[in-house]
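J.: Here's my sequence, what's the structure:
(2 chains)
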Amino acid sequence: MKLRLPFAPLVALRFLREGRMQTLLILAGTAGGVAVIVFLTQLITQLQAQIVDRVLGSQAHVVIRPLEEANLRAIDDPAFATLIEPRAQRLRSIDQWENVARLAADMPGVTAVSPMATGPAFALRGQASKSVALMGVDPTLYRRIVRMDEYMLSGRFAVEGPRAVIGTELAKDLGIGLEDKLRVMLPNGRDELLQVGGIFDIGNKDLNRRWVFVTLPLAQSLLDLPGGVSSLDLTVADIFEAQALADRLKGATGLTVDSWMQTNAQLLAALRNQTVSNNLIRSFVVIIVALGIASVLVVSVVQKQKEIGILRAMGASRAMILQVFLIQGSLVGAVGSVIGSLLAFGLLQTFSAIYRNADGTPLFSAELEPRFILMAALVATSVGLASALIPARRAARMDPVQAIRS
Amino acid sequence: MTAPVIELTGLTKTYNIGTPVETEVLHGLDLSLMEGEFAALIGPSGSGKSTLLNIIGLLERPTGGRLAFAGRNTATLPEAEITQLRGRSIGFVFQFHHLLPAFSALENVMMPAIIAHGAPSDALEATALQLLDAVGLKAHAYKKPGELSGGQQQRVAIARALALKPRLILADEPTGNLDTRTADDIFALLREFNRDSHCACLIVTHDPRLAARCDRVIRLVDGRIADDLPTA
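T.: As a prediction, this is how the structure comes out:
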């Protein structure tokens, strides 16, 4: 069975095959460019996703807190000189928090809401006393904010009655293990004997030392917040929409609403800068590849002058000649993107085998997402097409008589 | 049966119009070529033979006068139609064969048909094979032009010119770079197709021996037709 190609692709392919060395060189250039772009994009996307994932692994996407208390002027007269001192912020509950939680849960984009009563305390055992944050949570709801189950070293993330969950550093500092007892003492003088029901390692020593999870009712009574919560933690569907959502919630509730994007503004700026520099590199590579394809095709048009003239004498229209060269450009782009993607895959394999995290796991996975291959193929093919435009138009405008005579 | 394929009236061609080196190459030619006619175009170099051939072949447009192809005035035809008319109705045989080096002999012969139909097909291939057979090159159908001798290349070129059964064949010194025996062969081939398919042939040649074997000899001198006589 013989493959019958139409005129333009048939001639384009033959011309490419005839200019063997040129075609190989330009294919290598295009493939190299595509490999760099795909590899970089995949790597940076993965690393950024990992960083964001790690940062968000131990914090809520959005946190709702009560408004800060402020002193107001009783007499608002500019004639009086007044000194307003900032107020000390005491621990307060969110007013009508059940209603706020319901409102937040109904907001599109919010996937989980978890109430929390949190305040400072001391964890005591024998002579040792450690300052900790007492976190009263509903474990079922809190699991949807921070995936605590993944961080458990021993025991379960289940608080009930006097059972608490503490971090591995605190356990070490106090010299206790699973099912051991510890006492917590609060600034208001209340204290309680807790039993360790689980020990976690969240990947951050500071948090491992400070977080003590207890039931919500226990925290409420210890912190003098009967029925109240000090914050509401939210999980959202699109993490980069968190700020917009926080603004909307702030407008709707009049409370203090912070998103992770505000809390981690520096990290976000760094990620953004990385993306900008990545885009810059990609743009330059695209420009260089385009120039390469264009220059090789310009030379090819001159070399094929006579053939173009013959084809025109045999009735090939300007449009047909134009197509022949446009197809050459896009073919180089398309084939180059296939080879380039394979190269990028090889690079990813090699690098992920070489570079490893502190714990020995690969720094990034060796997989290549299909959408990046698709993107590369689209970009390379259109770049090939675009860079063929000038040479192709030159070929199409060629005078057949001149072309044959030369 | 003898309708004119080509009719020139007062045809002129001027190059570099509006520049100091403006030159008129053809000075008002009147000429017609009938169906089935086999004419030679002779004349010293620089007399405008090639220019005339290019104009008749619709590769160049005349500056003045009228050129009718099969009764149609070509001056008013748009570029695209001229190109199509050239492809379908005129077959070219150049001095240096001008085959496409990247394609086999068979593909070269098919090329005018591929251009006209958009894509190759089994039917086109069969026709092309027949043509190659007729010029005695069936055995070399799959060779590239570079693997053929000069005479064989010129035969392929003739087969290609005949591919679409054109009404006019234009040959620019088709035997110019061949030895006498091969030249005779090639000439005989052209003559044979002219008889069989009844197309008009115009052959530019420097060889008085070959010119004498045509039906008619047109002599061009300094862009004018010096004489236009039937051979005895």
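J.: okay, A:L24: pLDDT?
T.: In this model, A:L24 is scored at 91, pLDDT.
J.: Now it: phi and psi?
T.: Dihedral pair for A:L24: phi -60, psi -40, per degrees, to the nearest 10.
J.: Distance-wise, check it relative to A:L16.
T.: From A:L24 across to A:L16, the span is 10 Å (Cβ to Cβ, to the nearest Å). Just so you know, the C-beta spots here come from the backbone N, C-alpha and C atoms, and that holds for glycine as well.
J.: State which helix of chain B is the longest.
T.: Ranked by number of residues, the top helix in chain B under DSSP state H is helix B:180-197.
J.: Remind me what the following helix or strand past that helix packs against, helices and strands.
T.: Heading C-terminal from helix B:180-197, the first helix or strand you meet, by DSSP states H and E, is strand B:200-204. Contacts defined by 3 or more Cβ pairs under 8 Å, 6 or more residues apart in numbering or on different chains; DSSP states H and E place strand B:200-204 against strand B:4-15, strand B:23-34, strand B:38-42, helix B:49-56, strand B:168-172, helix B:180-197.
J.: So in that sheet, which strands flank strand B:200-204, and in what orientation?
T.: Applying DSSP bridges, strand B:200-204 is found paired with strand B:38-42 (parallel), strand B:168-172 (parallel).
J.: Contacts made by that strand with the rest, please.
T.: Outside strand B:200-204, the residues that touch it by Cβ atoms under 8 Å, 6 or more residues apart in numbering or on different chains are B:5-6, B:33-42, B:49-50, B:53, B:56, B:167-174, B:190, B:194, B:210, B:214.
J.: which residues are in contact with the helix or strand following it?
T.: Scanning forward in sequence from strand B:200-204 by DSSP H and E, the next helix or strand is helix B:208-211. Applying Cβ under 8 Å, 6+ apart, the contact partners of helix B:208-211 are B:40, B:42, B:175, B:183, B:187, B:203, B:205, B:217, B:231.
J.: if I pick the third one, what's in contact with it?
T.: When contacts are counted by Cβ under 8 Å, 6+ apart, B:T175 touches B:154, B:182-183, B:186-187, B:205, B:207, B:210.
J.: Could you do the second one as well?
T.: Contacts of B:I42 were listed using Cβ under 8 Å, 6+ apart, and they are B:49, B:204-206, B:208, B:211, B:217-220.
J.: Roughly how far does the residue of chain B found nearest chain A sit from A:V38?
T.: Of all residues in chain B, B:G87 sits closest to chain A, at 1.3 Å by Cβ to the nearest Cβ. Separation of B:G87 from A:V38 (Cβ to Cβ) stands at 44 Å.
J.: burial count for A:W260?
T.: By other Cβ atoms under 10 Å in any protein chain shown, the residues close to A:W260 number 23.
J.: one step back: I'd like to know which of the contacts of helix B:208-211 are buried.
T.: B:40, B:42, B:175, B:183, B:187, B:203, B:205, B:217 (16 or more other Cβ atoms under 10 Å in any protein chain shown).
J.: quick revisit: compare neighbour counts for A:L24 and A:L16 and give me the winner.
T.: Using other Cβ under 10 Å as the criterion, A:L24 and A:L16 rank with A:L16 on top: 21 against 11.
J.: Apart from its neighbours in sequence, what residue is nearest the more buried one?
T.: A:T23 (4.8 Å; Cβ to Cβ, 6 or more residues apart in numbering or on different chains).
J.: Any idea how far the helix or strand harbouring that neighbour is from the middle of the chain?
T.: Taking DSSP H and E as the definition, A:T23 sits inside helix A:20-56. Remark: helix A:20-56 is offset 17 Å from the chain centroid, using Cα atoms, centre = their mean, to the nearest Å.
J.: got the buried residues for that helix?
T.: Within helix A:20-56, the residues that count as buried by 16+ other Cβ under 10 Å are A:22-23, A:26-27, A:29-46, A:48, A:52, A:55-56.
J.: and if you look at stretch A:314-334?
T.: In terms of neighbour count (16+ other Cβ under 10 Å), stretch A:314-334 has its buried residues at A:314-318, A:320-334.
J.: which residues touch the nearest residue to the residue of chain B closest to chain A once chain neighbours are set aside?
T.: Distance criterion Cβ to Cβ, 6+ apart; nearest residue to B:G87, sequence neighbours excluded, is A:G315 at 1.3 Å. Counting by Cβ under 8 Å, 6+ apart, A:G315 touches B:83-84, B:86-88, B:112, B:115-116.
J.: and if you look at B:L229?
T.: For B:L229, the contacting residues are B:216-217, by Cβ under 8 Å, 6+ apart.
J.: Please repeat the previous calculation with a cut-off of 10 Å.
T.: Residues counted as contacts of B:L229 (Cβ atoms under 10 Å, 6 or more residues apart in numbering or on different chains) are B:216-219.
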